[in-house]
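[1] got a predicted structure plus its sequence, pasted below:
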Amino acid sequence: MGMEEKIKAGTLNAADWLQILRCSEWNDILRQTADQLRQEVYGKDVYLRGLIEYTNFCKNNCYYCGIRCGNTKAVRYRLSKEEILACCEEGYTLGFRTFVLQGGEDPASTDAWVCSVVSAIRERFPDCAVTLSIGEKKKSSYQAYYNAGARRYLLRHETANPEHYRHLHPAELSLENRKRCLYDLKEIGYQVGSGFMVGSPGQTLSHLVEDLQFLQDLQPDMIGIGPYIAQKETPFAGHPNGTLALTLRLVSLLRILFPYALIPATTALGTIHPQGRELGLQAGANVVMPNLSPVRVRKLYVLYDDKICTGEESAQCRHCLEQRVASAGYQVVTAVGDVKR
């Protein structure tokens, strides 16, 4: 069976993945197959997730991240529970039915505080889902958040290769613990999201194959990938960014390997190319995450340089993305948008 037939039949193996990642020869058939699969499962629907970046304090010192604790030039902030609820209120009026609370691993965000915020959102907006993206925690913490009403959790594994993981992270962080967190979340019953950066420092195509193999083992509900983008106050400042072409190829490959998955067209894609998010949707993605954070803090959540949409009001982000989604041939829907296994 030739490569084109394997792509269409979904019978690709690890050697095929490597071959696909090496060249652009199968880009068109990858994209067409991925789009057909997403439409079979999700139609032309694209789900909105309202992103609230509520703290840029972080106790970790990951070498690629702009909010690392070692970045002394970062201007730090924390949103209060009342400010977070105000973001949700505005988002609800704009049609959002999922709120994603994202932040660094902030010691001030105690389990009791996180649970109180999640409970308050669920109480005020009972028809909405709460997603957390707040890093590595103990299993008991994840259980407490679940009991409070959180049902989705995003935690990118970043790389499935232990040596590459050590290249990107300080010694106190381990791939073993990151994986433990992901399997704990699955065991509790969360819809779990993982993923990785494309083109991160030291990454090889073989590492990307390992990432795909790990995801096949994990079977996540959501898979978030985006190009690595350098941040000037990190040890990797000046390192080349990941490429649009390879990221799109991987989005399509992920859709073929995981037809049911919720896959975002990420802000990072839109940062490296003016139509990056639209191209991501056409490659197989079916989620977009406009920013609901107050405009005054958006420029401070600097995971990477030149991030887009930091000066727009929430309504502007919402309407802009709706137009972009329509221009790519799809439609924004305001449903909670659970995974369709």
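    That came through fine. Everything numeric in this text was worked out from a predicted model, so none of it was measured. Numbering: from 1, shown residues only.

[2] all contacts plus neighbour counts: C-alpha atoms, from now on.
    Will do.

[3] residue 143: neighbour count?
    The tally of other residues near residue 143 (other Cα atoms under 10 Å) stands at 18.

[4] pretty sure it is touching residue 187, no?
    No: with contact defined as Cα atoms under 8 Å, residue 143 and residue 187 do not form a contacting pair (9.8 Å).

[5] so what touches the lengthiest strand in the chain?
    Criterion DSSP state E: the longest strand present in the chain is strand 191-198. Here strand 191-198 makes contact (Cα atoms under 8 Å, 6 or more residues apart in numbering) with 151-159, 182, 185-186, 211, 215, 220-228, 242-243, 246-247, 339.

[6] what sits up against stretch 330-341?
    Under the criterion Cα under 8 Å, 6+ apart, residues 41-42, 44-48, 95-98, 127-129, 191, 221-222, 260-262, 322, 325-326 lie in contact with stretch 330-341.

[7] next up, phi/psi of residue 152, please.
    With angles defined as degrees, to the nearest 10, residue 152 sits at phi -130, psi 150.

[8] got the contact list for it?
    129-132, 190-193 are the contacts of residue 152 under Cα under 8 Å, 6+ apart.

[9] picking up where we left off before, mind listing which of the contacts of strand 191-198 are in strands?
    Under the assignment DSSP E, these contribute 152-154, 222-227 to strands.

[10] mind listing what's buried along the helix or strand bottoming out on mean pLDDT in the chain?
    Within the chain, no helix or strand scores below helix 314-327, which has a mean of 93 by mean pLDDT, DSSP states H and E. For helix 314-327, a neighbour-count test (16 or more other Cα atoms under 10 Å) marks 314-315, 317-318, 321-322, 324-325 as buried.

[11] can you add distance to residue 83 and give these back as a markdown table?
    Shown next, in a markdown table, are these (distance: Cα to Cα, whole Å):
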| residue | distance to residue 83 |
| --- | --- |
| 314 | 14 |
| 315 | 17 |
| 317 | 19 |
| 318 | 19 |
| 321 | 23 |
| 322 | 25 |
| 324 | 28 |
| 325 | 29 |
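
[12] from those residues, pick the one nearest residue 284.
    Nearest to residue 284 among the buried residues of helix 314-327, counting by Cα to Cα, is residue 325 at 12.6 Å.

[13] and the closest one, what does it touch?
    Listed by Cα under 8 Å, 6+ apart, the contact partners of residue 325 are 46, 278, 281, 331-332.

[14] buried set for stretch 276-296?
    For stretch 276-296, burial by neighbour count (16+ other Cα under 10 Å) applies to 276-294.

[15] distance between the ends of that stretch?
    End-to-end distance of stretch 276-296 (Cα to Cα, to the nearest Å): 25 Å.

[16] sorry, back to before: redo the contacts of residue 325 as a markdown table? Include distance to residue 171 and secondary structure.
    Formatted as a markdown table, the contacts of residue 325 follow (distance: Cα to Cα, whole Å; DSSP: H, G, I helix; E, B strand; the rest coil):
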| residue | distance to residue 171 | secondary structure |
| --- | --- | --- |
| 46 | 39 | strand |
| 278 | 38 | helix |
| 281 | 37 | helix |
| 331 | 44 | strand |
| 332 | 42 | strand |
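
[17] got JSON lines for those residues, with distance to residue 9 and pLDDT too?
    Output for these, formatted as JSON lines (distance: Cα to Cα, whole Å; pLDDT from 0 to 100):
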{"residue": "46", "distance to residue 9": "25", "pLDDT": "97"}
{"residue": "278", "distance to residue 9": "26", "pLDDT": "97"}
{"residue": "281", "distance to residue 9": "21", "pLDDT": "98"}
{"residue": "331", "distance to residue 9": "27", "pLDDT": "97"}
{"residue": "332", "distance to residue 9": "29", "pLDDT": "96"}
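
[18] many thanks, have a good one.
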